[in-house]
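# Kindly return the folded structure for what I paste below:
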Amino acid sequence: MPPATVRRAPYKDFLQPALHRRFSTTASILLAIAYLQAIFFGLPGSVFWSWFPIGPAGIRTLFLSLCGLSVIVLRIAQYHVGARTSNSGFQSFTQNVLQIQTLEALFTYVFSGWLFSQIWLWSCGPDSGLSWITYFSGDRARLNEKPLFFTCYFITLGIAEAMLHLFYDNDRLSLGIVKPKNGEKQTGDSVSQLKEFWVQSPHLFLVSGVRAAVAVPLSMLVYPIFFRSLVWRTTLLFLRPFYNLPKTNMLPNGWGFSWFVLLKCAMAGFMLSIVWVAGNAAFSIFLVREPLKHGKPLTSESKDPNGSLLNGLKNKKLSIKCFAMWELAFIARDYEVRRKAIYEDIDRKDGPMWSQVYAICLDVIRSMEARIDNYGKTPAPVQSTALSTVDEKRRTTAPLRQDPILQSTPQKKSFRNEVEKVVGQVATAPGQPSQLSPLAKKAMATAKGKLLELQKEATGTDDTQSLIQDLALKVLRTPLGWPFRQEFNRRLNAVVLGTPYGEPSLYINAINALSLLAVHSLKEDKYGNVQRDVATIIRTFTTVTSKLETFKNSFPVHWTDVEKNKTSAEVDAILEALREGLKQLVQAFGPYARDLRLSLTDMRLAKEAARIEKDGQLVQRDEEMREIR
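Coordinates of the predicted model:
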């Protein structure tokens, strides 16, 4: 009877429950903030009912929490790992502005702001001056414009917050990395993350206050231009069946707001901004907790832990793959039992567990090398298999030269040369006379001279190209020109990490996991399967390190990059991980280099790439000379 097959649970079956538990922590923080705000709303009334949960305070808390939870639901629906990789901010804008995610963000923040404004208006007393209907001259009712401006302020604040949400890419989750710590476990927990959130709280209050204050003059500008007429007519349409309002839709005199209303807007906007900013910060902190549960890897509870981990490593979704690679790096550093399980799992269907892990990690690392090698190369054209029915006549002589005849040395590309070239091409193009008449030549020369004279009088130079470039550089140095700068860091990350998103932790954790598993195999791999691949790992690390470092140093700075800052934190972190991994591999397997079929040249190149020093100097040619002898 064949043995019963064990179901290999997908990796997401362990990741999603963990994310849900972390989401509950964020929701609890928002609920606490909503309860405090509900108490503040009820302070003018009864002292007891202002805080008693079963009553108006509980109802306000429920609705206020919806303002924050709606943003958290948006984050869950749109979260991604990796930064947006593009050449410039404008390119990133054009790639994302027409996406459905942009519309969802706008709707969520506008709805949240509108709901908060209505809760505030509902909580205000009749003496606040924010009632929808005011009465004068007896029973004559009139629509009050102050709550309209108050509501439009929150709609404006919601639109601005949505733009900032998209601009700062708040949907991104920045995953952590596992660094070699010589066996020291450094795992994060909810307590440490609560401390981190508490440390950030003063900054969150400051940001909330600034955004609420800036939205006040913005609303004073936007309301009369875009909102006033529309919301006035629409509100009258809905309220006329219930109140005896005037038949006319004429706007009242005045601005529709007072200093008292502006102060209320700033205060209420500050409270709502706290909900948004604190919710986003808590989500970003708690959802990137390490992939551990009760101090063990997430897949430890699976009936087939190695199979579930492989499922995550092979997943096509970048977020799941990054979490699985993060867990593998933890296993490689801290969990001896799981490491031995990887070494000893040799009867798997698609090959031994180590072989599959080794291939996946190596493919991730080599993907950077492939993108570097393909940079600047045009894709191979697709050759059509259809046969042409008309035979093309083969040219038996070389085509006519288009160079100027009276030109001995190459000329600088300028506006004048370009004009002469274009006019000459038009004049001597096929279908035109082979030679110009004297009258045509004279007219052409006169036109050239007049054009150059006008240009020189206006600009002081006849080189239009350099003039336009100087003007463009002046604009690029201003804040308005920032979106159009193709900065060095952006362009380099787009090449090395890939597009549209690039997550450096995926590559760093793959490097650390592979090197740590190889080093620990000296004591824990009783079958000796790992040693067959150590030489390939060292050579791959050496090649990728050298190529990545050379590519970064030779990568050109675009002319729009006015700062010319040739630094990249992401690429530098990957290079540091490669060097550290190489250093550990060389130190661990150096005595066995000959048995592993590693030549002295291989070891020398590895030491140079890892920058291993010998007697204060980098190893350069001593080992190569010994090999020659």
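
# Can you show me the helices along the stretch 1-150 of the chain?
12-41, 56-78, 89-96, 100-123, 146-167 (DSSP state H, counting those that start in this stretch).

# Neighbouring strands - and their directions - for the next helix or strand after the last one?
Stepping forward along the backbone from helix 146-167, the first helix or strand reached (DSSP states H and E) is strand 172-173. According to DSSP bridges, strand 172-173 has the following sheet partners: strand 80-81 (parallel).

# from the middle of its chain, how far away would the partner strand be?
8 Å (Cα atoms, centre = their mean, to the nearest Å).

# what sits up against that strand?
With contact meaning Cβ atoms under 8 Å, 6 or more residues apart in numbering, strand 80-81 is reached by 171-175, 318-319, 322, 501, 503, 505-506. For glycine as for every other residue, the C-beta is placed from the backbone atoms N, C-alpha and C.

# And for stretch 480-497?
82-83, 85-90, 93, 368, 371-372, 375, 475-476, 502-504, 507, 548, 551-552, 555, 557-558, 560-571, 574.

# now the residues you listed: which count as buried?
With burial judged by 16 or more other Cβ atoms under 10 Å, the buried subset of those is 82-83, 85-89, 368, 371-372, 476, 502-504, 507, 548, 551-552, 555, 558, 560-562, 568, 570-571, 574.

# Filter those residues down to just the ones in helices.
Of these, the ones assigned to helices by DSSP state H are 89, 368, 371-372, 476, 504, 507, 548, 551-552, 570-571, 574.

# among those, which two are most distant?
Farthest apart among these by Cβ to Cβ are 476 and 507. That separation is 31.5 Å.

# Low-confidence stretches in the stretch 501-629 of the chain?
The stretch 501-629 of the chain contains residues with pLDDT under 70 at 614-629.

# Show me the strands in it, by range?
501-502, 613-614, 617-618 (DSSP state E, counting those that start in this stretch).

# what's near enough to touch the residue sitting nearest the centre point of the chain?
Centroid check for the chain by Cα atoms, centre = their mean gives residue 83 as the closest residue, at 2.5 Å. Residues in contact with residue 83, defined by Cβ under 8 Å, 6+ apart, are 169, 172, 493, 501-503, 570.

# Tell me where the stretch 151-300 of the chain has strands.
Using DSSP E, counting those that start in this stretch, the strands found in the stretch 151-300 of the chain span residues 172-173, 292-293, 296-297.

# okay, those strands, which one's buried deepest?
For the strands of the stretch 151-300 of the chain, the largest average neighbour count (mean count of other Cβ atoms under 10 Å) is found in strand 296-297, namely a mean of 20.

# Tell me which residues are up against that strand.
291, 305, 309, 327, 330-331, 335, 338.

# Any stretches of the stretch 1-150 of the chain with poor pLDDT?
Using pLDDT under 70, the flagged stretches of the stretch 1-150 of the chain are 1-8, 43-50, 137-138.

# Next up, the contacts around the residue nearest to residue 291 when sequence neighbours are not counted.
Excluding its sequence neighbours, the residue lying closest to residue 291 (Cβ to Cβ, 6 or more residues apart in numbering) is residue 327, at 4.1 Å. Contact analysis of residue 327 by Cβ under 8 Å, 6+ apart lists 291-292, 297-299, 309, 312.

# my guess is residue 327 is in a helix, correct?
Yes - counting by DSSP: H, G, I helix; E, B strand; the rest coil, one finds residue 327 located in a helix.

# From residue 336, how far off is it?
Separation of residue 327 from residue 336 (Cβ to Cβ, to the nearest Å) stands at 15 Å.

# How about residue 78?
39 Å.

# Comparing these two, which residue is more hemmed in?
Shown here are residue 78 and residue 336; by other Cβ atoms under 10 Å, residue 78 has more neighbours (18 against 12).

# Could I get the phi/psi values of the residue nearest to the more buried one when sequence neighbours are not counted?
What sits nearest to residue 78 in space, not counting adjacent residues and going by Cβ to Cβ, 6+ apart, is residue 171, at 4.5 Å. Taking degrees, to the nearest 10, you get phi -70, psi -10 for the backbone angles of residue 171.

# For residue 171, list the residues it contacts.
Residue 171 makes contacts with 75, 78-80, 101, 165, as judged by Cβ under 8 Å, 6+ apart.

# how does it look with 10 Å?
The contact partners of residue 171, by Cβ atoms under 10 Å, 6 or more residues apart in numbering, come to 74-81, 84, 101, 105, 165, 280, 283-284.

# would you list every one of the helices in the stretch 501-629 of the chain?
Using DSSP H, counting those that start in this stretch, helices in the stretch 501-629 of the chain cover 504-524, 531-554, 569-589, 600-610, 622-628.

# Quick one: distance of the longest helix along the chain to the chain centre.
Longest helix in the chain by number of residues, with DSSP H as the criterion: helix 190-222. Relative to the centre of its chain, helix 190-222 is centred 21 Å away, using Cα atoms, centre = their mean.

# In terms of secondary structure, what does it contact?
Under the contact criterion of 3 or more Cβ pairs under 10 Å, 6 or more residues apart in numbering; DSSP states H and E, helix 190-222 touches helix 12-41, helix 146-167, helix 259-286.

# For residue 446, which of these is the nearest?
helix 146-167 (53.4 Å).

# Which residues belonging to that closest one are considered buried?
Across helix 146-167, burial judged by 16+ other Cβ under 10 Å covers 146-162, 164-166.

# can you check stretch 128-135 too?
128, 130.

# From the opening residue of it to its closing one, how far?
End-to-end span of stretch 128-135 (Cα to Cα, to the nearest Å): 14 Å.

# what comes into contact with that stretch?
44, 117, 120-121, 123-125, 140-151, 235, 239, 242-245, 258, 260-261, 264.

# mind redoing it with 8 Å?
By Cβ under 8 Å, 6+ apart, stretch 128-135 touches 121, 124, 141-144, 146-147, 150, 235, 239, 243, 260-261, 264.

# Buried only: go through these for me.
By 16+ other Cβ under 10 Å, the contacts of stretch 128-135 give 121, 124, 141, 143-144, 146-147, 150, 235, 261, 264 as buried.

# which pair in the residues you listed spans the largest distance?
Using Cβ to Cβ, the two most remote members of the buried ones among the contacts of stretch 128-135 are 141 and 264, lying 22.8 Å apart.

# My guess is residue 56 contacts residue 39. True?
No - Residue 56 lies out of contact with residue 39 (Cβ atoms under 8 Å); the separation is 10.5 Å.

# Could you chop this structure up by domain?
17-175+187-286, 293-374+486-628 (automatic domain parsing).

# Of all those, which one is nearest residue 11?
That would be, of the domains of the chain and by Cβ to Cβ, domain 293-374+486-628, which comes in at 2.9 Å.

# what's the offset of that closest one from the middle of its chain?
23 Å.

# Export stretch 569-578 to PDB, keeping only CA atoms.
C-alpha atoms of stretch 569-578 as PDB (Å, rounded to 0.1, in the frame of the first residue of the first chain):
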ATOM      1  CA  ALA A 569      21.800  53.200  -0.500                       C
ATOM      2  CA  GLU A 570      20.000  50.200  -2.000                       C
ATOM      3  CA  VAL A 571      22.800  49.100  -4.300                       C
ATOM      4  CA  ASP A 572      25.400  49.800  -1.600                       C
ATOM      5  CA  ALA A 573      23.500  47.500   0.800                       C
ATOM      6  CA  ILE A 574      23.400  44.700  -1.700                       C
ATOM      7  CA  LEU A 575      27.200  45.100  -2.300                       C
ATOM      8  CA  GLU A 576      27.800  45.000   1.400                       C
ATOM      9  CA  ALA A 577      25.800  41.800   1.700                       C
ATOM     10  CA  LEU A 578      27.700  40.200  -1.200                       C
END
